[in-house]
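Peer 1: Dropping a prediction and its sequence here:
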Amino acid sequence: MIGDDVRIVVVAVDRDTVKLGIEAPRTIPVHRSEVYDEIQRTNRAAVGDPQPKPAAERAKVADLSKTRRSTPKE
């Protein structure tokens, strides 16, 4: 159970594939991640907000910010 009214159900198992179902009230939107991301991009574009960088780019920038740079001693 996720909360009081959302439930994840195993629909089928076949070798290395598991199919899941989501039971939720119609008032709760349920989307795959790529559909959700597209909805978010569309909403941002509608209000004129700049689009955020993809997750891979954000992770790359975060990794670079953690890197120490050594300065040569004179």
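Peer 2: The structure has been received and is ready for your questions. Numbers count the residues shown, from 1 in each chain.

Peer 1: and Q40, what element?
Peer 2: If you go by DSSP states H and E, Q40 is part of helix 33-47.

Peer 1: pLDDT averaged over that helix - what is it?
Peer 2: Throughout helix 33-47, pLDDT has a mean value of 90.

Peer 1: which stretches of this structure form strands?
Peer 2: 7-14, 17-23 (DSSP state E).

Peer 1: Could you dump those strands into TSV and include distance to R41 and mean pLDDT?
Peer 2: Any C-beta I mention is one placed from the backbone N, CA and C, and that applies to glycine too. As requested, the strands of the chain are exported to TSV (distance: least, Cβ to Cβ, whole Å; pLDDT from 0 to 100):
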stretch	distance to R41	mean pLDDT
strand 7-14	26	95
strand 17-23	23	94
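
Peer 1: Relative to A46, which of these is closest?
Peer 2: Nearest to A46 among the strands of the chain is strand 17-23 (27.0 Å), distances taken as Cβ to Cβ.

Peer 1: I'd like to know which elements that closest one is packed against.
Peer 2: With contacts defined as 3 or more Cβ pairs under 8 Å, 6 or more residues apart in numbering; DSSP states H and E, strand 17-23 has these neighbours: strand 7-14.
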